[in-house]
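K.L.:
coordinates for the following, if possible.
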Amino acid sequence: MTDPPIHILLVEDDELFRLGLSTRLQQEPMLQVAAEAEDGETAIALVRQRSFDVVVLDIGLPGVGGIEACRQIKQQQPGLPVLVLTSHNQPALIARLMAVQAQGYCVKGIAAEALVLAIRSVAVGATWWDAVASQAIQSATLTPTPDPLAALTKREQEILALMAAGQSNQEIAETLYIAPGTVRVHVHAILQKLEVRDRTQAVLLAMQMGWIPPHRNFG
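P.N.:
Alright, predicted model coming up:
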């Protein structure tokens, strides 16, 4: 009697890359790509509707980003392993992935055999971190993880809180009695310091880290 195949949810916005990866994984007798998604919203909905053994997840997704998608997936299915496959290899990303309980991290370009092994590993409850991630984890055990919020000035923290409250740049300017151009400069600085690409991701990160209460409207 053989073991049942590992059912995979493949989440990747690059259609050609997703097709190639799906085709390669389907060649493995013990792996089955049961569903595919091109964005975080679809992935979250699929996890709510169907059963999977592993989620292979890209980080740079449109709409709901990969980190937030991972967080919501783990909220729905805490025991569902998430293996992150991304072109980003910054060590600072690892702490965020660990915070949302991802089980593994591979940089795109990994050998197919290694990726298959990573999927099989997380499917049975192990973790899989590539060399960059392992180095970051080792460093984190030696030194305290810095709080990204500590890099923000008091004014930037005020603006981040107002962003979370759903205020536009113009509304923030009126609230703080500063010029809209000044607000734009602060928002740009916030995005750079938090290493996120837009206002939504900045607020989501703040919520994940407990800086701002969740379930607030933001734009």
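K.L.:
isn't residue 86 up against residue 67?
P.N.:
No: using CB atoms under 8 Å, residue 86 makes no contact with residue 67, being 10.2 Å away. C-betas here are computed from N, CA, C, even on glycine.
K.L.:
so the two - more neighbours on which side?
P.N.:
Neighbours were counted for residue 86 and for residue 67 using other CB atoms under 10 Å; residue 67 has more, 23 against 19.
K.L.:
and the helix or strand hosting that one, what's buried?
P.N.:
For residue 67, the host element (DSSP states H and E) is helix 66-76. Along helix 66-76, these residues count as buried under the neighbour rule (16 or more other CB atoms under 10 Å): 66-74.
K.L.:
what's the next secondary structure element after it?
P.N.:
Where DSSP H and E defines the elements, the next helix or strand beyond helix 66-76 is strand 82-86.
K.L.:
got the contact list for that next one?
P.N.:
Residues from elsewhere that reach strand 82-86 (CB atoms under 8 Å, 6 or more residues apart in numbering): 12, 21, 54-60, 66, 70, 73-74, 93, 97, 101-108, 110, 115, 118-119, 122, 128.
K.L.:
show me which of the residues you listed are buried.
P.N.:
For the contacts of strand 82-86, buried by 16+ other CB under 10 Å: 12, 21, 54-59, 66, 70, 73-74, 93, 97, 102-106, 115, 118-119, 122, 128.
K.L.:
residue contacts, residue 160?
P.N.:
If a contact means CB under 8 Å, 6+ apart, then residue 160 has 152, 190, 202-203, 206, 211-212 as its contacts.
K.L.:
that should have said residue 7, apologies.
P.N.:
Counting by CB under 8 Å, 6+ apart, residue 7 touches 32, 34, 51-54.
K.L.:
care to break this protein down by domain?
P.N.:
For the chain, the domain assignment from automatic domain parsing gives the residue ranges 6-142, 148-208.
K.L.:
could I get these as a markdown table with mean pLDDT?
P.N.:
Shown next, in a markdown table, are the domains of the chain (pLDDT from 0 to 100):
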| stretch | mean pLDDT |
| --- | --- |
| domain 6-142 | 85 |
| domain 148-208 | 86 |
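K.L.:
re earlier: overlap in contacts of residue 86 and residue 67?
P.N.:
residue 59.
K.L.:
skip the chain neighbours and tell me the closest residue to residue 61.
P.N.:
Closest residue to residue 61 apart from its sequence neighbours, by CB to CB, 6 or more residues apart in numbering: residue 40 at 4.8 Å.
K.L.:
please save the CA atoms from stretch 200-208 in PDB.
P.N.:
This file holds the C-alpha atoms of stretch 200-208, laid out as PDB (Å, rounded to 0.1, in the frame of the first residue of the first chain):
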ATOM      1  CA  THR A 200      -1.500  48.700   3.000                       C
ATOM      2  CA  GLN A 201       1.500  46.500   3.600                       C
ATOM      3  CA  ALA A 202       2.900  49.000   6.100                       C
ATOM      4  CA  VAL A 203      -0.300  48.900   8.100                       C
ATOM      5  CA  LEU A 204      -0.600  45.100   7.900                       C
ATOM      6  CA  LEU A 205       2.900  44.800   9.200                       C
ATOM      7  CA  ALA A 206       2.100  47.200  12.100                       C
ATOM      8  CA  MET A 207      -0.900  45.000  12.900                       C
ATOM      9  CA  GLN A 208       1.100  41.800  12.700                       C
END
